[in-house]
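Asker: structure here, sequence nowhere to be found:
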């Protein structure tokens, strides 16, 4: 993502989800990829999945995922307010 190759990053994150479906972090990372691509609805879905999975496995980063979700939800609300809901 640092090189702005967002499609490649998203594909890599999707592959990680396939390989490690029990990891909460892979869903959060995929959410971050979608967030950076401006696909906030899909980002939110994946971060919510990270939170759900994190709760199941006692992930120590659960609070980070929750903060990430709040940030993306706020960004989506601001975007919706500026452009109207999609």
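Answerer: Okay, I see it. What you see is a predicted model; the values in this text were computed from it and never measured.

Asker: and the nearest residue to residue 59 once chain neighbours are set aside, how many neighbours?
Answerer: Distances taken as Cβ to Cβ, 6 or more residues apart in numbering put residue 24 closest to residue 59, at 4.4 Å, once the chain neighbours are dropped. Every C-beta, even on glycine, is put in place using the N, C-alpha and C of the backbone. Other residues near residue 24 come to 25 when the count uses other Cβ atoms under 10 Å.

Asker: what residues are up against residue 24?
Answerer: By Cβ atoms under 8 Å, 6 or more residues apart in numbering, the contact list for residue 24 reads 50-51, 53-54, 57, 59, 61-62, 65.

Asker: which of those residues are buried?
Answerer: 50-51, 53-54, 59, 62, 65 (16 or more other Cβ atoms under 10 Å).

Asker: got the residues you listed as TSV, with secondary structure, distance to residue 74 and pLDDT columns?
Answerer: Output for those, formatted as TSV (DSSP: H, G, I helix; E, B strand; the rest coil; distance: Cβ to Cβ, whole Å; pLDDT from 0 to 100):
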residue	secondary structure	distance to residue 74	pLDDT
50	helix	17	98
51	helix	16	98
53	helix	22	98
54	helix	20	98
59	coil	22	97
62	helix	19	98
65	helix	15	98
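
Asker: tell me which residue lies nearest the centroid of this protein.
Answerer: residue 31 (1.6 Å; Cα atoms, centre = their mean).

Asker: need the contact partners of stretch 5-22.
Answerer: The contact list for stretch 5-22 (Cβ under 8 Å, 6+ apart) reads 1, 23, 26-27, 29-30, 32-34, 36-37, 53, 57.
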